[in-house]
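The following comprises the amino acid sequence and a computationally predicted model.
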Amino acid sequence: MHALFNMVCTVILAIIGVIVAVIAVIETSLRSILVHFGINPILQNIFLWGVFFFLLYSVFRIFGRLLAFLLLAVLVLYVLQDFSLLPSVHHAAMATREHLETL
């Protein structure tokens, strides 16, 4: 259960990492094009903020359902792990409680 939880979290972080990398490449390319054409830095920032919000909106439109499903899976796995009666989890908690009682 814990390995599945870690795997889903890793997939979510990998997707977010790819999205951030693509946005960074697009932003860097656009900034170099704007500098090449001699656009004012303030106008560059305004334009790039607009592009950023458009890309963010597009990402949520494209990957929104997948990310929502993965986040729901993480929450379900967390609840199942928390409320499950796995012997190793409860044994460790009981061993700690017994150890504290002997002190």
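Arrived safely. Residues are numbered from 1 along each chain as shown.

alpha carbons only for contacts and neighbour counts from here, please
Fine.

What average pLDDT does the host helix or strand of residue 20 get?
If you go by DSSP states H and E, residue 20 is part of helix 2-36. Average pLDDT, helix 2-36: 88.

Now the lengthiest helix in the chain: average pLDDT?
The residue-count maximum for a helix in the chain (DSSP state H) belongs to helix 41-83. What helix 41-83 shows for mean pLDDT is 86.

quick one: that helix to chain centroid distance?
8 Å (CA atoms, centre = their mean, to the nearest Å).

Now for residue 56, how many residues are close by?
A count of nearby residues for residue 56, using other CA atoms under 10 Å, gives 15.

show me what contacts it?
The contact partners of residue 56, by CA atoms under 8 Å, 6 or more residues apart in numbering, come to none.

repeat that with 10 Å
Residue 56 sits next to 19, 20, 23, 50, 62 when contact means CA atoms under 10 Å, 6 or more residues apart in numbering.

Among those residues, which one lies nearest to residue 34?
If you rank the contacts of residue 56 by distance to residue 34 using CA to CA, residue 50 comes first, at 14.0 Å.

quick one: that closest one from residue 13, how far?
Applying CA to CA, to the nearest Å, the value for residue 50 to residue 13 is 25 Å.

And residue 61, by the same measure?
Per CA to CA, residue 61 is found 18 Å from residue 13.

try residue 21
The separation that residue 21 has from residue 13, given CA to CA, amounts to 12 Å.

need the contact list for the residue minimising distance to the centre of the chain.
In the chain, the residue lying closest to the centroid (CA atoms, centre = their mean) is residue 13, at 4.2 Å. Residues counted as contacts of residue 13 (CA under 10 Å, 6+ apart) are 7, 19.

same thing with residue 10?
4, 16.

Over to the one 5 residues further on?
Taking CA under 10 Å, 6+ apart as the criterion, residue 15 is in contact with 21, 63, 66, 67.
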